[in-house]
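Engineer: structure, please.
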Amino acid sequence: MPRYAGAMSPALDTLELHPAGDPVASVIILHGLGADGSDFLPVARQLDLGPVGPVRYVLPYAPERPVTINGGYRMPAWYDILGAGLDRAEDEAGLRESQRLVQGLVDREIGRGVAPSRIVLMGFSQGCAMTLLAGLRAPRRLGALVGLSGYLPLVATTAAERSPANADVPIFLGHGRGDTVVPIGLAEVTRDTLRRLGHAVEWHEYPIEHSVNMDEIEDLQRFLARVLAAG
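Structural biologist: Numbers count the residues shown, from 1 in each chain. Coordinates of the predicted model:
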């Protein structure tokens with residue numbers, strides 16, 4: 001029976017959902033702006049990856065920082081949001097800092113005995129941006145990248161900075177057609193950019209807003225079962 005545990009990475013607090021046996025795969029789930037590590041515990045609990053073997057879910061807490069678009073109020077955030085044009089005025093320093101933190105989570109799972117090819121980076125909204133930023137630049141081949149209701153940051157540097165090791169990493173992108181926080185057009189640009197760079201993108205859209213629904217969870221479960229079985 002899975003159990004919850006608090007854990008500490010070198011730089012981030014995390015929640016963890018542990019399997020009964022030794023994990024053969026890890027799914028790292030990055031929450032969105034203003035949320036916390038517990039935000040996607042319900043989704044982790046709904047995913048049934050039994051055929052893959054024991055899976056550990058790692059749900060980190062983003063650092064707290066002032067967020068410009070919210071009047072400078074401090075909240076959990078992977079990076080600052082400088083304005084409504086998410087892909088135009090970007091907090092590159094914050095993005096780069098969190099990229100290092102996310103890579104640290106990956107390295108920690110490798111150090112705990114999980115093969116890189118059986119580690120999935122997954123994120124929602126800001127967490128999606130960090131998944132794509134860090135995952136495409138990860139030095140060792142990961143199992144998959146999952147981006148929900150988000151977009152690709154630092155587009156101009158992606159081609160030059162992406163890692164050859166993750167040139168063929170499977171990518172799942174899911175988005176709500178009614179999303180007013182991250183408009184679906186921005187996600188479509190992300191999809192098309194990644195495909196133009198040669199990445200394999202599995203695209204899904206849903207009749208929802210800035211959220212996740214059961215259809216998306218079921219599609220995600222099928223995707224994870226497939227890519228982790230192949231890993």
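
Engineer: which parts of the chain are helices?
Structural biologist: All helices of the chain, identified by DSSP state H, fall at 41-46, 92-111, 126-137, 155-161, 184-196, 214-230.

Engineer: could you dump the ones you listed to JSON lines with distance to residue 171 and mean pLDDT?
Structural biologist: (C-beta placed from N, C-alpha, C; glycine too.) Shown next, in JSON lines, are the helices of the chain (distance: least, C-beta to C-beta, whole Å; pLDDT from 0 to 100):
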{"stretch": "helix 41-46", "distance to residue 171": "18", "mean pLDDT": "92"}
{"stretch": "helix 92-111", "distance to residue 171": "16", "mean pLDDT": "95"}
{"stretch": "helix 126-137", "distance to residue 171": "8", "mean pLDDT": "97"}
{"stretch": "helix 155-161", "distance to residue 171": "13", "mean pLDDT": "94"}
{"stretch": "helix 184-196", "distance to residue 171": "6", "mean pLDDT": "96"}
{"stretch": "helix 214-230", "distance to residue 171": "10", "mean pLDDT": "92"}
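
Engineer: for the ones you listed, which one ends up most surrounded?
Structural biologist: helix 126-137 (a mean of 27; mean count of other C-beta atoms under 10 Å).

Engineer: from the contact counts, what lies against it?
Structural biologist: Helix 126-137 sits against strand 25-30, helix 92-111, strand 119-124, strand 144-148, helix 155-161, with contacts defined as 3 or more C-beta pairs under 8 Å, 6 or more residues apart in numbering; DSSP states H and E.

Engineer: which other residues reach that helix?
Structural biologist: Applying C-beta atoms under 8 Å, 6 or more residues apart in numbering, the external contacts of helix 126-137 come out as 29-33, 62, 77-79, 81, 95, 98-99, 102-103, 106, 121-123, 142, 145-154, 158, 161-163, 166, 169, 171, 190, 194, 199.

Engineer: that older thread, would TSV of the helices of the chain with distance to residue 71 be doable?
Structural biologist: Formatted as TSV, the helices of the chain follow (distance: least, C-beta to C-beta, whole Å):
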stretch	distance to residue 71
helix 41-46	29
helix 92-111	17
helix 126-137	18
helix 155-161	27
helix 184-196	23
helix 214-230	32
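
Engineer: residue 55 is nearest to which of the ones you listed?
Structural biologist: helix 214-230 (7.7 Å; C-beta to C-beta).

Engineer: now for the closest one, which elements pack on it?
Structural biologist: Using 3+ C-beta pairs under 8 Å, 6+ apart, helix 214-230 sits against strand 119-124, strand 144-148, strand 171-176, strand 201-206.

Engineer: can I get these in JSON lines with distance to residue 58?
Structural biologist: Output for these, formatted as JSON lines (distance: least, C-beta to C-beta, whole Å):
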{"stretch": "strand 119-124", "distance to residue 58": "9"}
{"stretch": "strand 144-148", "distance to residue 58": "13"}
{"stretch": "strand 171-176", "distance to residue 58": "18"}
{"stretch": "strand 201-206", "distance to residue 58": "23"}
